[in-house]
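Asker: predicted model follows, preceded by the sequence.
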Amino acid sequence: MTTIFDKLQPLAATRQALLERGADFFNTVMERIISPTEAVVDGRRTILAGTNNYLGLTFDPDCMDAACQAVRESGTGTTGSRMANGTFAGHVALERELADFYGCRSAIVFSTGYVANLGMLSGLTGPGDVILIDSDCHASIYDGCRLSGAEVIRFRHNDPSDLNKRLHRLDERAANALIVVEGIYSMLGDRAPLAGLTAVKDDYGAYLFVDEAHSLGVIGDHGRGLAEEAGVEERVDFIVGTFSKSLGAIGGFCVSNHPELDLVRYASRPYIFTASPSPSIIASTRTALKILRTRPELRTRLWNNAHRLYQRLTEMGFLLGPEPSPIVSVRLQGKEDALAHWKKLLERGVYVNLVLPPATPDGGALLRCSMSAAHTPEQVDTICEAFASLREAAGSAQQPEAGLSS
Ligand SMILES: Cc1ncc(COP(=O)(O)O)c(C=O)c1O
């Protein structure tokens, strides 16, 4: 007889095989957090080079004070959904501040960025509707599409002409289609060609939804993300983002000029059936948003670090994502190389994210680094030296390594 656990058995075997390589690759414990860029891992002081802490705000004194004060004033949690006792004055104020930041009519705050995508996609679309998504979109977008029950069509990554072809085939349904892309893509750090995509969507009168999870606070003159940088904010229908990256907390949001946005609250199960973000989260996020708006030097520092790492790893011959970005992913052909390199980096006191298929865009493996404004130049140098040691080890073994470009 089969059991509900049978399908987990292959995972047990895979996990065991990984453990036999001498590390618990996907359960690394941060034993003590020292700062936005350092933790104790395996008893060793380790540089964190895989967080999404782009502006380094997790230890910002003003954000921490705001969070502590909110706990004292309003308690540790809301114990209710936005619809049932979980909307506090802070949630409403943050929605106003987000709408103001984007120059949009309104905003909705969700419990996480994942939930924002689930909530928006399932609240906006349903059976009979069509969603066109970039094939490299994040899992939360795929899951939101599934929850919606809409027809889902994938188009080739960052390819407006493929999008055009697929919209063309939809005939009159194209005018009501929802196109979903990301600002900066989370795996390789590449930007969406937003000018080209908006031109295509305008041709058909379709709707455009941009997930700026990795671009909020990172690009655009005011830090609003790729739509700002590309000068197309007016033509984007929905912008989604998260508080868990540049803003250093947890939560998600959507902003839009469509007056119907407010109605999505009533149609969105992920908005209705989960507890709202706690007062401390809302308070630190509001403070972080103020900092994002008033301290552009953090973005400058972030980009200095990003360029430094991208350039140094390129010079060493590593194969990276297509453009410099705070996400600097080293692309490797083989899973074995990725596991061995990841472990060596950790032993040298550098933690990066290990990404294996099927989570990678092209079936390869990634050592995904991400930079923070809080990294010091010395820390970036240490990260580079750790990668250089992989290069040296490959050289001394006198064999070309898969994924290291020649
Ligand atoms: C593009 C994108 N959207 C949404 C999310 C989900 O955000 P959160 O972790 O805040 O739930 C992520 C998380 O990594 C992401 O990369």
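Answerer: Structure received. All of these numbers come straight from a predicted model, not from anything done at the bench.
Asker: which residues of the protein score low on pLDDT?
Answerer: 396-406 (pLDDT under 70).
Asker: and the helices in it?
Answerer: Taking DSSP state H, the helices of the chain run over residues 9-19, 61-74, 89-102, 113-124, 139-148, 160-169, 194-204, 226-229, 261-267, 269-272, 279-294, 297-315, 335-347, 377-396.
Asker: what's the closest of these to the ligand?
Answerer: helix 113-124 (2.5 Å; CB to the nearest ligand atom). C-betas here are computed from N, CA, C, even on glycine.
Asker: quick check: buried residues in that closest one?
Answerer: For helix 113-124, the neighbour count (16 or more other CB atoms under 10 Å) marks 113, 114, 115, 116, 117, 118, 119, 120, 121, 122, 123, 124 as buried.
Asker: ok, now stretch 285-294?
Answerer: Buried, per 16+ other CB under 10 Å, within stretch 285-294: 285, 286, 287, 288, 289, 291, 292.
Asker: start to end distance for stretch 42-51?
Answerer: 18 Å (CA to CA, to the nearest Å).
Asker: typo on my end, stretch 177-187
Answerer: 26 Å.
Asker: that one: how far from the chain's middle?
Answerer: Distance of stretch 177-187 from the chain centroid (CA atoms, centre = their mean, to the nearest Å) equals 11 Å.
Asker: same check, this time on stretch 341-356
Answerer: 20 Å.
Asker: what's the answer for stretch 125-138, then?
Answerer: The mean C-alpha position of stretch 125-138 is separated from the chain mean by 18 Å, CA atoms, centre = their mean.
Asker: tell me the residue of the stretch 251-400 of the chain that sits nearest the ligand?
Answerer: Per CB to the nearest ligand atom, residue 252 is where the stretch 251-400 of the chain lies closest to the ligand, at 5.6 Å.
Asker: residue contacts, the closest residue to that residue other than its chain neighbours?
Answerer: For residue 252, ignoring the flanking residues on the chain, the nearest one in space by CB to CB, 6 or more residues apart in numbering is residue 116 at 3.0 Å. Residue 116 makes contacts with 108, 110, 140, 240, 241, 242, 252, 253, 254, as judged by CB atoms under 8 Å, 6 or more residues apart in numbering.
Asker: so how far is residue 293 from residue 116?
Answerer: Distance of residue 116 to residue 293, computed by CB to CB, to the nearest Å: 20 Å.
Asker: what do you get for residue 378?
Answerer: 29 Å.
Asker: picking that back up, ok, which of the buried residues of helix 113-124 also contact the ligand?
Answerer: Contacts with the ligand within these, as defined by CB under 6 Å from any ligand atom: 113, 114, 117.
Asker: so who does the closest residue to residue 366 other than its chain neighbours touch?
Answerer: Once flanking residues are discounted, residue 366 sits nearest to residue 355: 4.0 Å by CB to CB, 6+ apart. Taking CB under 8 Å, 6+ apart, we find residue 355 in contact with 187, 329, 365, 366, 367, 368.
Asker: now, which of these lie within strands?
Answerer: 329, 365, 366, 367, 368 (DSSP state E).
Asker: what sits closest to residue 133 if chain neighbours are left out?
Answerer: Nearest to residue 133 is residue 180, by CB to CB, 6+ apart, at 4.5 Å.
Asker: mind listing the residues bridging to the one you found?
Answerer: residue 133, residue 209 (DSSP bridges).
Asker: ok, now how distant is the residue nearest to residue 366 from residue 180?
Answerer: Distance of residue 355 to residue 180, given as CB to CB: 21 Å.
Asker: then residue 252?
Answerer: Taken as CB to CB, the span from residue 252 to residue 180 is 15 Å.
Asker: buried ones among the ones in strands among the contacts of residue 355?
Answerer: Those of these that meet the buried threshold are 329, 365, 366, 367, 368, by 16+ other CB under 10 Å.
Asker: reformat those as JSON lines; add distance to residue 28.
Answerer: Shown next, in JSON lines, are those (distance: CB to CB, whole Å):
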{"residue": "329", "distance to residue 28": "18"}
{"residue": "365", "distance to residue 28": "17"}
{"residue": "366", "distance to residue 28": "16"}
{"residue": "367", "distance to residue 28": "14"}
{"residue": "368", "distance to residue 28": "14"}
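Asker: of the residues you listed, closest to residue 316?
Answerer: Nearest to residue 316, judged by CB to CB, of these is residue 367 at 12.6 Å.
Asker: list the contacts for the closest residue to the closest one other than its chain neighbours?
Answerer: Nearest non-adjacent residue to residue 367, counting by CB to CB, 6+ apart: residue 330, 4.2 Å away. Shown in contact with residue 330 (CB under 8 Å, 6+ apart): 313, 318, 319, 320, 341, 366, 367, 368, 369, 387, 403.
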